[in-house]
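Peer 1: fold the following, please.
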Amino acid sequence: MISQQHFVEFLSELQQVARILPRSEASLAAQGDLILDLFLRHTPHRQGAVFLREHRNPHLGLAACSPLLTAPEVIDSPLPDEVLDRLLHPTDFARLALVEHIRPLPDILVPLRSGRDYFGLLALHRHNGVAVSGDDLHFIGAMSGYLAAIMHAQRMATEVREGEFQLKYRLWELESLYDIGLSIASTLDLDRLAEEILIRTISLLNARRAALYLQKEGRFTLYRSFGDVRSEFLENELEETLARQLIEEGVPVRFDAGADCIFPSCESFVALPIKSNDKVIGVLAAADRELRDGGVGAFEENDLRVLSLFANQVAIALENTRLHQEALESQSMQREIDLAVTIQRDILPRALPQLDGYEIEAFARPARQLGGDYYAFFDREGSLSLCVADVSGKSVAAAILVSAFHAAVQLLFREGRDLGDIASELNRHIHLWSAENKFITLILATIDPESEVIRFVNAGHNPAYIVRPDSMEQLPAHGIPVGLLPGSRYKTQARPFPLGSLFVGYSDGITEAENETDEEFGNQRLEEILQRYADGSCTAIRNAIVDAVGHFVGAASQKDDETLVLVRTLPRL
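Peer 2: Reported below is the predicted structural model:
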């Protein structure tokens, strides 16, 4: 019979071993041995088996078993509620399939359960065949309850630690990818860029080999590689369906277990398309992911995710390099200017997003062939985010800075960061990357139709406008332009944005447009147009502003880039 002293001793020992019972580094066998030893020493039972469930695994595995008792290695069928809810006698569980292979038949089944979480099951047996008393059942139930509660608490603590680690790892991963992207984006020599891409690929994936294929004249040829590789594999040897999946459909391909692939005798392999403007321009491949113990393992889903993000950056870098090489080959200033115009045209949205619940319009007219204005839109899970920016200066230098700014903005918005964090990161990297006299004014905004709120950051840019059904409000600058001071930080601000409200963002080329007498168009004229056409469509408002500025300027030359962005949230039907 279990005495109160036994119960007290059980609790004392349980507290000492609680630190290792449910931890991931403790094997199931080690946990099972501890649990079985505790119950056999502090109850009248002398034989038993312990079945435990690994985290996120629905099946129970045999963790410990007495020498004279036989038990199945796995209980792969779901446990009935009657097993999980209470202690069971042989008369209760004799017909349960899970005890068919436990011999001798246990005297009692003890579930390890806390709330809705169950961790395992104990099967206990007494040699003398004496029935378990009611007091013993009470104590054993209390013992199992304490044990399950401790396992639950420790597992929750482990999950919290794992969650914090995963969060920190993801942040480190994204920051690393961001820095890598800026690094390769500044490399305009294709040979150096290719080597940098392969080095980064091997580093990111712990791979032993890597290869870069580039598309040229309709064929994918090997450009650079680390390790043995089959140069014509993509063209001649890759199975037709996989070639279509990789090159035509743009879907990653993985092989494992020594499959025939780009790399001779590889044990694991992954290949990702490099896409620019929805066209596959290359293929990035890696093989033989090295494990900590020196072995080789398969590439996991997280490896594919990281490589996909990196491939996006590679595409931008390759496209910039391609355009730059074209400019060098032309050896003509006009060719260089035409190239920069092409870069800028590709950077600005080719078409406005078509999103339910929004009406969107935009207008952009550079003062010269090359401009320093920029705008972009981002669909963020039902909310619409946008950026309107103005790079200091004109011509080629401004266009190059716009290109670098575009790459950074695209990556930071994909990470889902807060607008203030995006502006702060842009400031840090633009300050490092650009010349001392270069800076960028910008306004970032996110419109959330569900909460009817607009969040924004205005870094030295012209005040945007919110035109509501019954009022009009400016969104003034609350920070200096990015790139001026390395330590500048920016905070997100919020304003009400009821359905039907209109956002108007613009560059100073609109309000500072001058006529032949050097008079500026000004904010007052702009506000009068917004009030007059407040109920009109975004298209009507855009046309009214553009026509008014053109009429005001008359025969005078355009001195600055003109950009206009309008977004209205539509009332629900």
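
Peer 1: leaving aside the residues next to it on the chain, what's closest to G297?
Peer 2: L291 (4.8 Å; Cβ to Cβ, 6 or more residues apart in numbering). Heads up, the C-betas are built off the backbone N, CA and C, glycines and all.

Peer 1: near the one you found, how many other residues are there?
Peer 2: 9 (other Cβ atoms under 10 Å).

Peer 1: okay, it and G505: tell me how far apart.
Peer 2: 50 Å (Cβ to Cβ, to the nearest Å).

Peer 1: going by contacts, tell me the helices and strands next to the helix or strand where Q531 lies.
Peer 2: Per DSSP states H and E, Q531 falls inside helix 522-532. Using 3 or more Cβ pairs under 8 Å, 6 or more residues apart in numbering; DSSP states H and E as the contact test, the elements touching helix 522-532 are strand 464-468, strand 471-475, strand 502-506, helix 508-511, helix 538-553.

Peer 1: just these: most buried one?
Peer 2: strand 502-506 (a mean of 26; mean count of other Cβ atoms under 10 Å).

Peer 1: just checking, next helix/strand downstream of the helix or strand where A153 lies?
Peer 2: Using DSSP H and E, A153 maps to helix 134-185. As assigned by DSSP H and E, the chain's next helix or strand after helix 134-185 is helix 190-205.

Peer 1: got the CA positions of that next one in CSV?
Peer 2: Taking C-alpha atoms only, helix 190-205 is exported to CSV below (Å, rounded to 0.1, in the frame of the first residue of the first chain):
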residue,chain,number,x,y,z
LEU,A,190,29.3,39.7,-64.1
ASP,A,191,32.3,37.4,-63.4
ARG,A,192,32.7,38.8,-59.9
LEU,A,193,29.0,38.8,-59.3
ALA,A,194,28.7,35.1,-60.3
GLU,A,195,31.5,34.1,-57.9
GLU,A,196,29.9,36.1,-55.1
ILE,A,197,26.5,34.4,-55.8
LEU,A,198,28.0,30.9,-55.6
ILE,A,199,29.9,31.8,-52.4
ARG,A,200,26.8,33.1,-50.8
THR,A,201,24.7,30.1,-51.9
ILE,A,202,27.2,27.7,-50.3
SER,A,203,27.3,29.7,-47.2
LEU,A,204,23.5,30.1,-46.8
LEU,A,205,22.8,26.4,-47.4
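
Peer 1: quick check: buried residues in it?
Peer 2: Within helix 190-205, the residues that count as buried by 16 or more other Cβ atoms under 10 Å are 190, 193-194, 196-198, 200-202, 204-205.

Peer 1: between the residues you listed, which is nearest R380?
Peer 2: L204 (25.7 Å; Cβ to Cβ).

Peer 1: quick one on the thing from earlier: can I get the helices and strands packed on helix 522-532 in JSON lines including mean pLDDT and distance to T221?
Peer 2: Shown next, in JSON lines, are the helices and strands packed on helix 522-532 (pLDDT from 0 to 100; distance: least, Cβ to Cβ, whole Å):
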{"stretch": "strand 464-468", "mean pLDDT": "96", "distance to T221": "49"}
{"stretch": "strand 471-475", "mean pLDDT": "95", "distance to T221": "51"}
{"stretch": "strand 502-506", "mean pLDDT": "97", "distance to T221": "45"}
{"stretch": "helix 508-511", "mean pLDDT": "94", "distance to T221": "45"}
{"stretch": "helix 538-553", "mean pLDDT": "95", "distance to T221": "46"}
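
Peer 1: tell me which of these lies nearest to E528.
Peer 2: Closest among the helices and strands packed on helix 522-532, using Cβ to Cβ: helix 538-553, at 9.0 Å.

Peer 1: pull the residues that contact that closest one.
Peer 2: 359-363, 502, 504, 510, 513-515, 521, 525-526, 529-530, 532-533, 536, 562, 564, 566-568 (Cβ atoms under 8 Å, 6 or more residues apart in numbering).

Peer 1: switch the cut-off to 7 Å
Peer 2: 359-361, 363, 510, 513-515, 521, 525-526, 529, 533, 562, 564, 566, 568 (Cβ atoms under 7 Å, 6 or more residues apart in numbering).
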